[in-house]
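Asker: Structure for the following, please:
(chains A and B)
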Amino acid sequence: MGFLKRLASVLTTLFGISVFVFVVLRVIPGDTITSSLGIETGVLTPEQIDTLRAYYGIDKPLVGQYLSWMASFLSGDLGFSYSTGAPVWDLTKSALLVTMQLALFGTILGVLIGISIGMFSARKPGSARDFLGQFFGLLALAIPGFVLSTTIVTVMANKFQYFPNGYEYMTPFEDLSMNLQQMLFPSLVLGIAVAAPIMRTTRSALLETVDKDFVRTAYGKGVKPRIVRLRHVLRNSLIPIVTMTGIQFGYLLGGAVIVEKIFALPGMGRQILDAINKREYATVQSSIMVFAILFVTINLITDWVYRKVDPRIK
Amino acid sequence: MTNLLEIKNLSVVISEDKRVLVNDVSFEIKPGEAVGVVGESGSGKTLSALSILGLLARGLKIESGEIRFKGADLLKSSAEDLRSIRGKEIAMIYQDPMTALNPVMKIGEQLQEVLDSHQHQITDQKTHILNGLAAVGIADPNRAFDSYPHEFSGGMRQRVMIAMSLLLSPELLIADEPTTALDVTIQRQILALVAKERKRRNMSMLWITHDLGVVANLVDRVIVMYAGRVVETGTVDEIFKAPKHPYTAGLLASLPAAGRDRERLESIPGVPPKPWQVLNTCAFAPRCKEARDICSSHRPELTSNESSSVACFFPLGVKQ
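Answerer: Okay, the predicted model is just below:
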């Protein structure tokens, strides 16, 4: 019953997003014709424009357009990109790999850095080490991703002549070593951005848990302090950390746009941005739907992890 | 016989402003002896007990004193030495069984942890744990082993805590109001269980409670605390039959007794002061019927008389 309820809410969310994206795209001025022909559109005769509109399928009423897009999307056909001449699914496949890899690496780095510094800080609240940890947290929170990215690119490229992202992008299957090098700095930039909120969540969750009775019980039965910190304190602080990680992972999927642009990675962010500029309705709509599906999937995974972390959650 | 535990002049303060919470407390426990510490909330009884194992909450610290366990001062022991005593030689059970167990660890794991943390001769550890659970009256130890605390009631959780504390047969069991959070019927069962296990193992015990009635059948000797100080000590007989401190007498008068039901219970008027407010006077003077001028200007020291002692200028039943 709980599962059906969740499924219903997930489907409602996805439906809402699809309508929203569809409407917003048509509200912004210009369409596929104006964006591909530019001011030349002005010299077209009304008959020519009608023909083109019919060709692109944007002559039908909006409801009809929406329904035919949804129908083909649900049957697995994501549409066609006119500017590249490729099916949207083919573009999305490769772009999704880039973005997923980036978001995954960024999240893993962020969780590792965030939890470590959070634990480092919480050991002695108010001490120098706590100050140091919190200072990192604030700094990481305050530095925008594009500043950090451009700084890294500038320093590495100019001082060390090292800029793997200057070469053509390689998938991990083509050239794993090059792929990892190309992913290193963008993942780090994202990881640092993610580490800040995770660090702060970890710190406050640990400080709340450390005063709990069962922690005293653990010390009272002679458990070694390091084990108390990991097995009792950290494990009981995981719920807010998991929540924050889920949120951040979702944020990375969308927030990677700038980093993808700076590091020349052909990811989803770039694909959507380019498609919006070219008013490629099918590409934008379908890409965003893929994103949305990923997003709700992550939420479901987060819920599942809750249950693993805390047996009291049914 | 030498004492198993000896607390001398223990003072606990709030680290930040040095306000005194436990003031110059001394008492001892002999091997095999059960001692009850009785007092209201804020009398310092729980803090005294937590001090023994070095488990005071953040923000509190031991200002001075000695805590000697088998001769060695625990306050001067290394953290590792103290850790190896906790749970093995001195074990503790706590007031609230609902929060004292880790909610995300199986009960079996939490008991196993005691064995993992100490050196011992137990070979078949799982059987030892299951036997321990069975001994405290848990019907299906195998199921309990794989259960989480939230699947158990408060009374069952306290039984688990007791099983956990007894795993390595400690010489001293400290019980911090372990029945306060439980129903009256469950309270009785737990009291009987602890009394039985103590007899069987000839274990020393420090039982902390606000309820004089609870300790009567459980302990050999009673220590009465008030506002951070010990005000009276004595055997159960002495305390119950001839209390010397007016506070002890007031506590006894407030107990419901058989044959006296339907009568309005007596109470001591007023509330206890904070320990740091009454460092140099008799803390009980403002609520005491016997109080005279000297009680509010000088502090009565604890003076011993054979097996008992009292901190009062005008002890009851003594001719002035």
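Asker: Show the model's pLDDT score for the closest residue to chain A within chain B.
Answerer: Per Cβ to the nearest Cβ, B:Gly87 is where chain B lies closest to chain A, at 3.5 Å. (Glycine included, C-beta is placed from N, CA and C.) Here, the pLDDT recorded for B:Gly87 equals 93.
Asker: Equivalent analysis for the one 4 residues further on, please.
Answerer: Among the per-residue scores, B:Ala91 holds a pLDDT of 95.
Asker: which residues touch the one helix or strand it maps to?
Answerer: Here B:Ala91 sits within strand B:90-93, counting by DSSP states H and E. The set of residues external to strand B:90-93 that reach it, using Cβ atoms under 8 Å, 6 or more residues apart in numbering or on different chains, is A:220-221, B:49, B:52-53, B:55, B:69, B:100, B:158, B:161-162, B:164-166, B:168, B:170-176, B:178.
Asker: rewinding a little: what about the residue of chain B closest to chain A, how many neighbours?
Answerer: B:Gly87: 27 surrounding residues under other Cβ atoms under 10 Å in any protein chain shown.
Asker: Could you list which residues are in contact with it?
Answerer: A:220-223, B:114, B:117-118, B:165, B:168, B:170.
Asker: Make JSON lines from those and add pLDDT and distance to B:Val230 to it.
Answerer: Shown next, in JSON lines, are those (pLDDT from 0 to 100; distance: Cβ to Cβ, whole Å):
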{"residue": "A:Gly220", "pLDDT": "95", "distance to B:Val230": "24"}
{"residue": "A:Lys221", "pLDDT": "95", "distance to B:Val230": "28"}
{"residue": "A:Gly222", "pLDDT": "94", "distance to B:Val230": "29"}
{"residue": "A:Val223", "pLDDT": "95", "distance to B:Val230": "32"}
{"residue": "B:Val114", "pLDDT": "95", "distance to B:Val230": "32"}
{"residue": "B:Ser117", "pLDDT": "95", "distance to B:Val230": "33"}
{"residue": "B:His118", "pLDDT": "94", "distance to B:Val230": "32"}
{"residue": "B:Ser165", "pLDDT": "94", "distance to B:Val230": "25"}
{"residue": "B:Leu168", "pLDDT": "94", "distance to B:Val230": "30"}
{"residue": "B:Pro170", "pLDDT": "95", "distance to B:Val230": "24"}
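Asker: can I get these in CSV with neighbour count, distance to A:Glu47 and secondary structure?
Answerer: Listed next are these as CSV, based on neighbours: other Cβ atoms under 10 Å in any protein chain shown; distance: Cβ to Cβ, whole Å; DSSP: H, G, I helix; E, B strand; the rest coil:
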residue, neighbour count, distance to A:Glu47, secondary structure
A:Gly220, 26, 87, helix
A:Lys221, 27, 87, coil
A:Gly222, 23, 89, coil
A:Val223, 24, 83, coil
B:Val114, 27, 88, helix
B:Ser117, 21, 87, helix
B:His118, 20, 92, coil
B:Ser165, 27, 92, helix
B:Leu168, 21, 94, coil
B:Pro170, 21, 97, coil
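Asker: Please identify which of these is nearest to A:Leu184.
Answerer: Taking Cβ to Cβ as the measure, A:Leu184 sits nearest to A:Val223 out of the contacts of B:Gly87, at 38.9 Å.
Asker: Surely the closest one touches B:Gln112?
Answerer: No. Judged on Cβ atoms under 8 Å, A:Val223 makes no contact with B:Gln112 at a distance of 10.9 Å.
Asker: ok, and what's touching the helix or strand where A:Leu253 lies?
Answerer: Remark: A:Leu253 resides in helix A:238-255, with elements defined by DSSP H and E. For helix A:238-255, the surrounding residues in contact (Cβ under 8 Å, 6+ apart) are A:99, A:102-103, A:106-107, A:110-111, A:115, A:145, A:190, A:193-194, A:197-198, A:201-202, A:204-205, A:268-269, A:291, A:294-295, A:298-299, A:301-302, A:305-306, A:309-310.
Asker: can you do 6 Å?
Answerer: A:103, A:106-107, A:111, A:190, A:194, A:197-198, A:201-202, A:205, A:295, A:298, A:302, A:305, A:309-310 (Cβ atoms under 6 Å, 6 or more residues apart in numbering or on different chains).
Asker: sec struct for whatever residue of the stretch 51-200 of chain A ends up closest to chain B, please.
Answerer: Proximity to chain B, evaluated over the stretch 51-200 of chain A using Cβ to the nearest Cβ, is greatest for A:Pro125 at 8.6 Å. Following DSSP: H, G, I helix; E, B strand; the rest coil, we place A:Pro125 in the coil state.
Asker: Mind telling me what element the nearest residue to it once chain neighbours are set aside is part of?
Answerer: Using Cβ to Cβ, 6 or more residues apart in numbering or on different chains and skipping residues adjacent in sequence, the residue nearest A:Pro125 is A:Leu207, 5.9 Å away. Assigned by DSSP H and E, A:Leu207 belongs to helix A:176-209.
Asker: Just the helices from the stretch 51-200 of chain A, written as ranges.
Answerer: Per DSSP state H, counting those that start in this stretch, the stretch 51-200 of chain A carries helices over the ranges A:62-74, A:88-122, A:128-142, A:145-160, A:176-209.
Asker: Please render those as JSON lines that adds mean neighbour count to the earlier fields.
Answerer: Putting the helices of the stretch 51-200 of chain A into JSON lines (neighbours: other Cβ atoms under 10 Å in any protein chain shown) gives the following:
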{"stretch": "helix A:62-74", "mean neighbour count": "14"}
{"stretch": "helix A:88-122", "mean neighbour count": "21"}
{"stretch": "helix A:128-142", "mean neighbour count": "15"}
{"stretch": "helix A:145-160", "mean neighbour count": "14"}
{"stretch": "helix A:176-209", "mean neighbour count": "22"}
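Asker: In TSV, list these along with mean pLDDT.
Answerer: Shown next, in TSV, are the helices of the stretch 51-200 of chain A (pLDDT from 0 to 100):
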stretch	mean pLDDT
helix A:62-74	86
helix A:88-122	91
helix A:128-142	91
helix A:145-160	87
helix A:176-209	91
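Asker: Distance to B:Ala34 added to these, as JSON lines?
Answerer: Shown next, in JSON lines, are these (distance: least, Cβ to Cβ, whole Å):
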{"stretch": "helix A:62-74", "distance to B:Ala34": "74"}
{"stretch": "helix A:88-122", "distance to B:Ala34": "40"}
{"stretch": "helix A:128-142", "distance to B:Ala34": "44"}
{"stretch": "helix A:145-160", "distance to B:Ala34": "65"}
{"stretch": "helix A:176-209", "distance to B:Ala34": "34"}
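Asker: Out of those helices, which gets nearest to A:Phe22?
Answerer: Taking those one by one with Cβ to Cβ, helix A:62-74 is closest: 5.4 Å.
Asker: Which strands or helices does that closest one pack on?
Answerer: Helices and strands touching helix A:62-74, by 3 or more Cβ pairs under 6 Å, 6 or more residues apart in numbering or on different chains; DSSP states H and E: there are none.
Asker: Distance from that helix to the middle of the chain?
Answerer: On the basis of Cα atoms, centre = their mean, to the nearest Å, helix A:62-74 is displaced by 26 Å from the centre of the chain it belongs to.
Asker: Report the inter-axis angle for that helix versus helix A:88-122.
Answerer: 80 degrees (axes from the mean of the first three to the mean of the last three Cα atoms, to 10 degrees).
Asker: Touching helix A:62-74 from outside, list them.
Answerer: Contacts for helix A:62-74 (Cβ under 6 Å, 6+ apart): A:Phe22.
Asker: got the phi/psi numbers for B:Ile223?
Answerer: phi -120, psi 120 (degrees, to the nearest 10).
Asker: And the one 3 residues further on, by the same measure?
Answerer: Listed backbone geometry of B:Tyr226 is phi -150, psi 130, with angles given as degrees, to the nearest 10.
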